[in-house]
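A.B. asks: Sequence and predicted structure below; questions after.
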Amino acid sequence: MRALRWHGVRDIRLEDVPTPQEPPPGCAVVAVTYCGVCGSDLAEYREGPKLIRLDPHPLTGRMPPLTLGHEFSGRIIRAADERRWPAGTRVTADACWRCATCEACVEGAYHRCRYGGSIGLHSDGAFAARVVVPEYALVAVPDSVPDEHAALTEPLAVALHALERGETRPGDDVLVLGFGPIGAASALLARSIGARPVVVEIDEARRARAEAIGFATVDAGEGLAKRVRQRLGGGGTHVVIESTGAATLLSEAVECARRGGRIVCVGLPTASSELSSSRLVLFERSVVGSLGYSHHLPRVLAMMAAGVVDPAPLISAIVPLSALPGVIAELAERPDARIKVLSDVAR
């Protein structure tokens, strides 16, 4: 089968690899329907290795070259536990590899596993016709959720975890910094739970896309915090979702939060940030990190099945696997109004 493989920085290749047939113990072989391009895929292309290891991963034993892709939907070809996961079952996957024995795993916070990793970064992923995943990662997709929507479950789970880290409640003002895939998912989910999202995006095309989907926006740039306070009143916003990872934005994000506000850092930074702790203490603001998700995928699927959240506006394009090298290279260098690009891997 053809697979999109990461060999090194700016070196991704469509290659022929063996087609998985029989699952290893505790695993399943899944025929991939759609797989989404994630910001982590772009980061690995542009400046990797970031999360990819150049030595064997302690849980999977894998190292580059690796097939990318971890946001996917598909159907089971064969599972080790055929009674639990019969062939043909529609699934997506929680991408987290986990040891199940470290303190974090035992407490249920497997996303913080000491030895953890990700499908598509520490084992071969889903930019291919088939992918092998551990059975504990499988999540059944409700009949009412289309395959292309199911492929967005993983990034939506990231956004849901970030909102929960910010203790977001119905009626809260939520300032979303950046309208990339995770920022857009955060705004969409915030609206779905009754919060009031406002988007800040420096790129004109992405800002226009946010407005087209129905989100209020505030201009980026100097004096952002003042404009936010004027727009929202109450001294600022209840929750800030910082999804860009831009080091210079953290101190500005803090100033956008009202007294007692929460700032959630979900974007992966590329440099250190400067932050005065007095701006936290004097206003009793909180800054927290948000890593991935845990147990969130079934909840996101339930929200989609119930019609609480419609991820369709996040899908900007569906492209064949053969087009992915060019698409990834383009997105890595020039973000535009496209929020989420899916690959139809059968094409």
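C.D. replies: Structure received.

A.B. asks: nearest residue to residue 311 other than its sequence neighbours?
C.D. replies: residue 152 (4.4 Å; C-beta to C-beta, 6 or more residues apart in numbering). For glycine as for every other residue, the C-beta is placed from the backbone atoms N, C-alpha and C.

A.B. asks: From residue 141, how far out is that neighbour?
C.D. replies: 11 Å (C-beta to C-beta, to the nearest Å).

A.B. asks: With residue 95 instead?
C.D. replies: According to C-beta to C-beta, residue 95 stands 15 Å off from residue 141.

A.B. asks: Would you map the helices across the protein?
C.D. replies: 39-47, 103-106, 147-150, 153-165, 181-192, 204-213, 224-232, 249-256, 278-281, 297-305, 324-333 (DSSP state H).

A.B. asks: wait, which of those is closest to residue 5?
C.D. replies: helix 324-333 (10.2 Å; C-beta to C-beta).

A.B. asks: pLDDT on that closest one, on average?
C.D. replies: Per-residue pLDDT over helix 324-333 has a mean of 94.

A.B. asks: can you check stretch 271-282 too?
C.D. replies: 90.

A.B. asks: and what of stretch 306-314?
C.D. replies: The average pLDDT within stretch 306-314 is 96.

A.B. asks: first to last residue in that stretch, what's the distance?
C.D. replies: Start to finish, the residues bounding stretch 306-314 are 18 Å apart (C-alpha to C-alpha, to the nearest Å).

A.B. asks: which residues touch it?
C.D. replies: 149, 152, 155-156, 181, 184-185, 188-189, 192-193, 213, 300, 303-304, 339-340 (C-beta atoms under 8 Å, 6 or more residues apart in numbering).

A.B. asks: cool, and stretch 38-55?
C.D. replies: Contacts for stretch 38-55 (C-beta under 8 Å, 6+ apart): 6, 8-10, 12, 63-64, 66, 68-71, 117-118, 120-122, 155, 180-182, 268, 270, 328-329, 331-333.

A.B. asks: Can you tell me which of these are buried?
C.D. replies: The neighbour-count test (16 or more other C-beta atoms under 10 Å) applied to those identifies 6, 12, 64, 66, 68-71, 117-118, 120-122, 155, 180-182, 328, 331-332 as buried.

A.B. asks: just to revisit the earlier point, and residue 152 and residue 141? which has more neighbours close in?
C.D. replies: residue 152 (28 against 25; other C-beta atoms under 10 Å).

A.B. asks: wait, doesn't the more buried one sit right on residue 318?
C.D. replies: No. Residue 152 lies out of contact with residue 318 (C-beta atoms under 8 Å); the separation is 11.9 Å.

A.B. asks: Overlap in contacts, these two.
C.D. replies: By C-beta under 8 Å, 6+ apart, no residue touches both residue 152 and residue 318.

A.B. asks: list the contacts for the nearest residue to residue 283 once chain neighbours are set aside?
C.D. replies: Leaving aside its chain neighbours, residue 283 sits nearest to residue 259 (4.8 Å; criterion: C-beta to C-beta, 6+ apart). Counting by C-beta under 8 Å, 6+ apart, residue 259 touches 235-236, 283-285.

A.B. asks: What of residue 196?
C.D. replies: Contacts of residue 196 by C-beta under 8 Å, 6+ apart are 171-174, 190, 216.

A.B. asks: what about it, distance to residue 149?
C.D. replies: For residue 196, the distance to residue 149 - C-beta to C-beta - is 24 Å.

A.B. asks: where does the chain have low pLDDT?
C.D. replies: Within the chain, the set of residues satisfying pLDDT under 70 is empty.

A.B. asks: show me what contacts the spatially most central residue of it?
C.D. replies: Centroid check for the chain by C-alpha atoms, centre = their mean gives residue 155 as the closest residue, at 3.2 Å. If a contact means C-beta under 8 Å, 6+ apart, then residue 155 has 36, 38, 71, 181-182, 185, 314, 340 as its contacts.

A.B. asks: tell me, how many neighbours does the residue lying closest to residue 295 once chain neighbours are set aside end up with?
C.D. replies: Closest residue to residue 295 apart from its sequence neighbours, by C-beta to C-beta, 6+ apart: residue 108 at 7.3 Å. By other C-beta under 10 Å, the residues close to residue 108 number 10.
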